[in-house]
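A.B. asks: this one's sequence-less:
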């Protein structure tokens, strides 16, 4: 899959440790996300997100990408290919800087990524959103994702699994 060709109009960059401070600034623009998880945006969390993988997956399956408008980081998306099965791509995190929210940038990115995923042969996209985060729930439902009925209890919050079929 050539994910780096998605999202025309935005520059896409694979993120790494050198980008941690920029990612942290973006995270901090979204306090409601972290409030829903009963946590704070911290540099350790960014570093963890950059390398986090589910069991059985390797670094070749992970794409933690920054989407830039000019030189400013507008959004990040964390993708895991072929998870939990070969026909599924998993969005581990998608976050748009608060300065760009409400302008349809997030929905445009999702639409273009979905087009790219379908072209790459995936049958579905899965993700999880935190129960009680009304903004995330509304965004994903607006973009065609449906809760699967699966819930995952984490320390301090519950994740609702949602997916969209192609």
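C.D. replies: Sure, I can see it. Every value quoted in this text rests on a predicted model; they were computed, and no experiment measured them.

A.B. asks: Can you check which helix is longest in this protein?
C.D. replies: helix 105-119 (DSSP state H).

A.B. asks: helices or strands next to that helix in the packing?
C.D. replies: strand 72-80, strand 88-96, helix 134-142 (3 or more Cβ pairs under 8 Å, 6 or more residues apart in numbering; DSSP states H and E). Just so you know, the C-beta spots here come from the backbone N, C-alpha and C atoms, and that holds for glycine as well.

A.B. asks: Any chance of TSV for these, columns mean pLDDT, mean neighbour count and distance to residue 48?
C.D. replies: Listed next are those as TSV, based on pLDDT from 0 to 100; neighbours: other Cβ atoms under 10 Å; distance: least, Cβ to Cβ, whole Å:
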stretch	mean pLDDT	mean neighbour count	distance to residue 48
strand 72-80	96	20	11
strand 88-96	97	21	11
helix 134-142	95	16	19
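
A.B. asks: for these, which one sits closest to residue 45?
C.D. replies: strand 88-96 (10.4 Å; Cβ to Cβ).

A.B. asks: quick one: average confidence on the helix or strand following the longest helix of the chain?
C.D. replies: Following helix 105-119 in sequence order, the next helix or strand is strand 124-130 (DSSP states H and E). Averaged over strand 124-130, pLDDT sits at 97.

A.B. asks: now what about strand 124-130, what contacts it?
C.D. replies: 33, 36-37, 83-84, 87-92, 94, 114, 117, 136-137, 140, 145, 148, 152, 157-166 (Cβ atoms under 8 Å, 6 or more residues apart in numbering).
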